[in-house]
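Engineer: Let's see this in three dimensions:
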Amino acid sequence: MKTKDDELLAFVRWVSQVDFGKAFEHEARFNRRLKSTGGRFFPKDLHLDFNERMYDLFSEDVFRQIVQHELVHYHLYRAGRGYKHGDAEFKSLLSQVGGLRYAPPLPDVNYLVYQCLSCGQRYQRRRKIVLSKYRCGKCGKQLQLIKEKG
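Structural biologist: This next block holds a predicted model:
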């Protein structure tokens, strides 16, 4: 029975062969601890980690671009060339293969909405705030919690 990591490894190998014309010879796996990044490249042992939520939420085309980004790191590092984000070779190869420079933002499902009782200014926060301590930045009046989503 194929696991999700097996499917990922097959996909990464396919993208590497089709888009780079080179084989991917190391491990690729999902890492549930990744929160906002699409993936990570580890120069120490040359494996790739990917954000499982990116795989689940976005289309195959978008996830392919995330894989391309990590494979640019991988192939440039193996070739002994500039593999870091700021290197010209990295930027050049990334644009050639059409990979994403930054991971798309995940839809934020855990937030609170506060509104000023006077002017109606809204504030979106991830953490609860102490309403007696904080005031509206626009008019200085009291805030009220109007929406919890999560």
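Engineer: Could you identify the helix or strand that succeeds the lengthiest helix in the chain?
Structural biologist: Of all the segments of type helix in the chain, defined by DSSP state H, the longest one is helix 60-79. Next helix or strand after helix 60-79 toward the C-terminus (DSSP states H and E): helix 88-97.
Engineer: contacting residues around that next one?
Structural biologist: Residues outside helix 88-97 that contact it (C-beta atoms under 8 Å, 6 or more residues apart in numbering): 19-20, 68-69, 71-73, 75-76, 81-84, 101. In short, each C-beta sits where N, CA and C put it, glycine included.
Engineer: how about the nearest residue to the residue of the chain most remote from its centre, chain neighbours excluded?
Structural biologist: Distance from the C-alpha centroid of the chain peaks at residue 118, with 37.9 Å (C-alpha atoms, centre = their mean). Leaving aside its chain neighbours, residue 118 sits nearest to residue 141 (3.7 Å; criterion: C-beta to C-beta, 6 or more residues apart in numbering).
Engineer: Next one: the one you found relative to residue 116, how far apart?
Structural biologist: Counting by C-beta to C-beta, to the nearest Å, the gap between residue 141 and residue 116 amounts to 6 Å.
Engineer: more crowded one of the two?
Structural biologist: residue 116 (19 against 13; other C-beta atoms under 10 Å).
Engineer: give me the beta-bridge partners of that one?
Structural biologist: Legend: beta-bridge partners of residue 116 under DSSP bridges are residue 143.
Engineer: Residue 131 is in contact with that one, correct?
Structural biologist: No: if you go by C-beta atoms under 8 Å, residue 116 and residue 131 don't touch, sitting 11.3 Å apart.
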